[in-house]
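Student: no sequence for this one, just the structure:
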Ligand SMILES: Cc1cc2nc3c(=O)[nH]c(=O)nc-3n(C[C@H](O)[C@H](O)[C@H](O)COP(=O)(O)OP(=O)(O)OC[C@H]3O[C@@H](n4cnc5c(N)ncnc54)[C@H](O)[C@@H]3O)c2cc1C
Ligand SMILES: NC(=O)c1ccc[n+]([C@@H]2O[C@H](COP(=O)([O-])OP(=O)(O)OC[C@H]3O[C@@H](n4cnc5c(N)ncnc54)[C@H](O)[C@@H]3O)[C@@H](O)[C@H]2O)c1
């Protein structure tokens, strides 16, 4: 009988899930000299590398490049055709390494991390049982910590007919290689607007179905308004205040999809993408063996320790903890949690747990930067004006028309965009910023530094942006804050 028992292996740390946060956490604790196993049941690199950030941005970058060329007289005349969808897909395939993870595995090996292929499930405190692809099983015991980095999956609403209709989720929308003639996109969040932008440009006629009254409801209202106007200009039909009640696909795989809308109206499409949010991948993870609810997001403290589990051995990092569903924030949490795990393993009693200290994640609640890669882009960090107000802060909001900035007008003829700063008047520094317009993504880090550094408004006026760049919007925002006049002609 003994030979039927799974092999038991002991590590200092076991990380389940090799998305970017799982990889970074494993690398951080390995760097600190701990023995670490990294368990992955699909591809090392996770959703981000193969079905989310990288392929979606690879689809969107050519759309932005072409639009930007068309917005500059002289260059416009050289644009003689539409996007070459096949070339776009081929470039995207390169960015996903053709859905092979060899490159990432080489890094894992070089970092001294033990990669364990297979589905990991908690099997009581500090133990992870792995079902291997060959049908075997291994049990990994962690002396110091287990970290759940299993990410999230797309939620498809449980509507009549939806399973038989085989709708697209974000995975299909980022890996597809043929533009459906008519694509219905359900959901006006980030995935919805980015994928509507990409697939309209790749040749689909997109209809965006939004149940609220505008796009991107978590951002400043002008962001959704500007992007909606640009999508309409590109040919996307946007229907707000619309919910889908039922989905039917006629015939076989090639048949059309009929969406029955709330009022009974039918909308026909060749494909439907549900971009309706995410659910945690914790339903088949053995959470019940440690007293947690399967399928739940894992609430953590600021060191990413799961609060509901005693003894402090279980951590959750990245999407699984639901603090900020973004790759860069998950990697930030992983750096913090990795250092915390290493310090606790070394028995260091004194950790730096003040806000912004080395052993607490602070930025993922106070200063989350995000770029939405629509055309034009949205770049935001920290609080919106409405969020700041809800928190009871005494704020002052300053807006500026980015089309008035000399660098912006050079960047694109008829540049359309807007910027907003949210200043906490009691603390005297920025708590939020949003920029919308072509080429604004790279402005974001300047705002993130100002928010994280709590740079006093008076000092910010000494950070002089170069002329004539789009960054000069900072000058005019700060002038507006001072109560000065608008921009002169130069
Ligand atoms: C379409 C789309 C575009 C996006 N674009 C951006 C963007 O531009 N910028 C940005 O910052 N964020 C973006 N995001 C969000 C980003 O993808 C996630 O925040 C990020 O992938 C989270 O990383 P994670 O490691 O927590 O999860 P994941 O990347 O999902 O990785 C989790 C890993 O765990 C593995 N796993 C799960 N369960 C088990 C198990 N039981 N055993 C073993 N392995 C397991 C999975 O196979 C996976 O490899 C986008 C998301 C989507 C859907
Ligand atoms: N560029 C980026 O940084 C980027 C890009 C894509 C995704 N992401 C991240 O991935 C996460 C997931 O994105 P997402 O767009 O799937 O989620 P989301 O929460 O941003 O948007 C989902 C939208 O769908 C709507 N919705 C939910 N159920 C619905 C239903 N039954 N019918 C109609 N509408 C419905 C919601 O009201 C919401 O507006 C986000 O948190 C986002 O931060 C980031």
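Tutor: Nice, thanks for sending it over. This is a predicted model, so every value here is computed, not measured. Numbers count the residues shown, from 1 in each chain. Ligands and ions are numbered 1, 2, ... in the order given.
Student: quick one: name the residues of the protein near ligand 2.
Tutor: 157, 186-192, 194, 211, 217, 243, 275-278, 325-326, 370-373 (C-beta under 6 Å from any ligand atom). C-betas here are computed from N, CA, C, even on glycine.
Student: now, of those residues, which are buried?
Tutor: Listed as buried from the residues of the chain next to ligand 2 are 186-192, 194, 275-276, 278, 325-326, 370-373; burial here means 16 or more other C-beta atoms under 10 Å.
Student: contacts only, for residue 32.
Tutor: Taking C-beta atoms under 8 Å, 6 or more residues apart in numbering as the contact definition, residue 32 lies against 338, 339, 342, 345, 346.
Student: got the phi/psi numbers for the residue in the stretch 301-450 of the chain that ligand 1 sits nearest to?
Tutor: Nearest to ligand 1 in the stretch 301-450 of the chain, going by C-beta to the nearest ligand atom, is residue 318, at a distance of 2.4 Å. Backbone torsions of residue 318, given as degrees, to the nearest 10, read phi 90, psi -160.
Student: ok, now which ones touch it?
Tutor: 17, 19, 20, 21, 22, 149, 151, 330, 333, 334.
Student: could you do residue 184 as well?
Tutor: Taking C-beta under 8 Å, 6+ apart, one finds 206, 207, 209, 257, 259, 267, 269, 271, 272, 273 in contact with residue 184.
Student: now do the first one against ligand 2, distance only.
Tutor: According to C-beta to the nearest ligand atom, to the nearest Å, residue 206 stands 15 Å off from ligand 2.
Student: ok so, going back, which ones among the residues of the chain next to ligand 2 lie within helices?
Tutor: 190, 191, 192, 194 (DSSP state H).
Student: quick check, the first one in contact with residue 372.
Tutor: Yes. Taking contact to mean C-beta atoms under 8 Å, the distance of 5.5 Å between residue 190 and residue 372 places them in contact.
Student: where do the contact lists of these two overlap?
Tutor: Shared contacts of residue 190 and residue 372, counting by C-beta under 8 Å, 6+ apart, come down to residue 216.
Student: in the chain, what residue lies closest to ligand 2?
Tutor: Residue nearest to ligand 2 within the chain: residue 189 (1.9 Å; C-beta to the nearest ligand atom).
Student: can you tell me which residues contact that residue?
Tutor: The contact partners of residue 189, taken as C-beta under 8 Å, 6+ apart, are 216, 217, 218, 275, 276, 277.
Student: how near is the nearest residue to residue 157 once chain neighbours are set aside to ligand 1?
Tutor: Closest residue to residue 157 apart from its sequence neighbours, by C-beta to C-beta, 6 or more residues apart in numbering: residue 276 at 5.8 Å. Distance, residue 276 to ligand 1, using C-beta to the nearest ligand atom: 11 Å.
Student: for residue 276, give me phi and psi.
Tutor: phi -120, psi 30.
Student: and it, how far from residue 171?
Tutor: From residue 276 across to residue 171, the span is 14 Å (C-beta to C-beta, to the nearest Å).
Student: now swap in residue 417 and tell me
Tutor: Applying C-beta to C-beta to residue 417 and residue 171 gives a distance of 32 Å.
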